[in-house]
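>>> Pasting the sequence and the predicted model now:
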Amino acid sequence: MTVVGIDVGGERKGCHAVALRDGLFVATQKSTNPSTIVDWCIDHTACIVAVDAPCAWSQNGLSRRAERELKMNGQVIQCFKTPMRERAYSQGTGFYGWVFNGEKLYQRLKRHYVLFDGMRRDDLVVLETFPHAVVCALAKKVVPAKNKVAVRRKALRDHGYDISRLPNIDFVDAALCALTAEAFLEDRWQCFGDKQEGFIVVPNSSF
């Protein structure tokens, strides 16, 4: 069965996607058009799609519950804080442009996939994840976020993944997202958050 991970950038940068099957990264895609990425997921019969972008906005503050709860072995994992949509929109699409692009991607994905709502199900599922948290899961501890290119490549190599198809950090992050999708498929996952502001899914300690 094939799963897909997607790293989301702004409209100019676009999205990078990696398909994972049987422990191998079998295909990659890059596009500034969210619909192209979704069509690619469908063409590869992806059953789980994991996205590195907020699946929802804060309801009443500067961050979401999932972001405040994200931890590994009791230690906080630092991550992006998602504000209310109105606050982000009022600041223009510069800093938050990638979040708005992610919003477009989710809208299109949800025509084919069910957004994860905290319950494991057998439907085609799209969920939110976070590459740095995946690296922490691989290390079984919170690791520093610096030198992320070298650290994330090494984490994949050390766990037996061939990274020759991953020429840059965007594809590396998409690959890490795909690892979460695989963990979800195999029931080796945990989640943080709630239905109102969305869940962040990461592999659990058995990863």
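Everything's here; your move.
>>> State the number of residues packed around Ala88.
Neighbour count for Ala88, taken as other Cβ atoms under 10 Å: 20. No exception for glycine: its C-beta is placed from N, CA and C like everyone else's.
>>> Find the residue closest to it in space, skipping its chain neighbours.
Nearest residue to Ala88, sequence neighbours excluded (Cβ to Cβ, 6 or more residues apart in numbering): Tyr96, at 4.1 Å.
>>> same check, this time on Ile77
Beyond its immediate neighbours in the sequence, the residue positioned closest to Ile77 (Cβ to Cβ, 6+ apart) is Leu70, lying 4.7 Å away.
>>> contacting residues around the one you found?
The contact partners of Leu70, by Cβ atoms under 8 Å, 6 or more residues apart in numbering, come to Val76, Ile77, Cys79, Phe130, Ala133, Phe192, Ile200, Val202.
>>> most surrounded residue in those residues?
Comparing the contacts of Leu70 by number of neighbours (other Cβ under 10 Å), Val202 comes first, having 29 neighbours.
>>> tell me the phi and psi of that one?
Torsion angles at Val202 (phi, psi; degrees, to the nearest 10) stand at phi -140, psi 160.
>>> Unless I'm misreading it, it sits right up against Val135, doesn't it?
No: with contact defined as Cβ atoms under 8 Å, Val202 and Val135 do not form a contacting pair (9.9 Å).
>>> give me the number of residues near the residue nearest to Ala88?
23.
>>> And Thr36, by the same measure?
The local packing count at Thr36 equals 16, with neighbours defined by other Cβ under 10 Å.
>>> Could I get the full set of helices for the chain?
In the chain, the helices defined using DSSP state H lie at 34-43, 65-69, 85-90, 97-109, 131-139, 148-158, 169-185.
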